[in-house]
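Undergrad: Sequence first, then the predicted structure, then my questions.
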Amino acid sequence: MRVELSEGEPERDTRLPFRGCPARNVFTIGLPLEKTSCEKAASCTRKKSVLVWPETLRDLHYYHTPLSYLLVCISTGYFVQDTAEIILMGHARAAWEFLIHHALVICCFLYTLYTHLYVAGAVVTLFVELNSVTLHLRLLLKLAGATSSTAYRVNKMLNIWTFVAIRLAAQFYLTWYVIKNYSELHNAAFFMCALMTTNIMMLMYLCRLIRSDFLRHVGGKEYAVRNGTHNSKKFLSD
């Protein structure tokens, strides 16, 4: 939107400053979705305020509740919206790995919604949104140029801890479950391929995260610039 100005007066662009910027998605969609996912993923394992581990964590194939099914519905809509946002904003080439991840998640979640199978497994995967909170905070701090601040140092420790203790733990638990019950699961081969692909991607992300936040001195200034916020061609910096 542009404002009509009198002749001779320079034109001012009044468009939103975050349009096309990763921060826009973080504030308007990412963080609210993560809060909802974490709260509902936790509540899906509760019954009268008591944690019910056997049903939710042992029967990832058949067990589900109306609340857990609703959570998967909401999360599927988020991944569809985020995929469309990446493509429409022109970030598809730079964010191809995110698109692959989102495509796998959307396919698995749509199968879950259609068949009512693996709903508990989908809920377990959404616990990784706890780590996404620290990842998004890391991005915001980098965009603000606050990589030398105490907040960034604290967040990077929380980020690496939640990445390993929550994100990777959830991924590996799901992989173990599918391998253990492979002969009894519906379309186990499809889910095994999807899990192995995302496992590889998660390990690659972990290596990049460690290299960027804990080994920044390697390669000197050139490495820091190449993996900081100065590279505008990347959708998200390492």
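TA: Nice, I can see it.

Undergrad: Let me see the ranges of the helices in the chain.
TA: For the chain, the helices defined by DSSP state H cover 22-25, 31-43, 53, 66-88, 96-115, 119-125, 129-143, 150-162, 169-180, 188-214, 220-226.

Undergrad: Can you add mean pLDDT, distance to D59 and mean neighbour count and give those back as a markdown table?
TA: For every residue, glycine as well, the C-beta is placed using N, CA and C. Below are the helices of the chain laid out as a markdown table (pLDDT from 0 to 100; distance: least, C-beta to C-beta, whole Å; neighbours: other C-beta atoms under 10 Å):
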| stretch | mean pLDDT | distance to D59 | mean neighbour count |
| --- | --- | --- | --- |
| helix 22-25 | 49 | 35 | 18 |
| helix 31-43 | 46 | 16 | 17 |
| helix 53 | 51 | 11 | 8 |
| helix 66-88 | 89 | 12 | 16 |
| helix 96-115 | 94 | 14 | 16 |
| helix 119-125 | 91 | 6 | 25 |
| helix 129-143 | 88 | 22 | 20 |
| helix 150-162 | 94 | 26 | 16 |
| helix 169-180 | 95 | 10 | 16 |
| helix 188-214 | 93 | 15 | 15 |
| helix 220-226 | 44 | 47 | 12 |
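
Undergrad: Mind checking the ones you listed for the one nearest to L60?
TA: Closest of the helices of the chain to L60 is helix 119-125, at 3.8 Å (criterion: C-beta to C-beta).

Undergrad: Can you show me the CA trace of that closest one as CSV?
TA: Provided in CSV are the C-alpha atoms of helix 119-125 (Å, rounded to 0.1, in the frame of the first residue of the first chain):
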residue,chain,number,x,y,z
VAL,A,119,-2.2,-40.1,16.2
ALA,A,120,-0.2,-40.8,19.4
GLY,A,121,2.9,-41.0,17.3
ALA,A,122,2.1,-37.6,15.8
VAL,A,123,1.7,-36.1,19.2
VAL,A,124,5.1,-37.4,20.3
THR,A,125,6.6,-35.7,17.2
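
Undergrad: what's next to that helix, contact-wise?
TA: For helix 119-125, contacts defined as C-beta atoms under 8 Å, 6 or more residues apart in numbering pick out 41, 44-45, 55-57, 59-64, 68-69, 71-72, 75, 105, 108-109, 112, 170-171, 173-174, 177.

Undergrad: Run through the residues that contact the closest residue to F163 other than its chain neighbours.
TA: Using C-beta to C-beta, 6 or more residues apart in numbering and skipping residues adjacent in sequence, the residue nearest F163 is N131, 5.2 Å away. Applying C-beta under 8 Å, 6+ apart, we find N131 in contact with N159, T162, F163, I166, R167.
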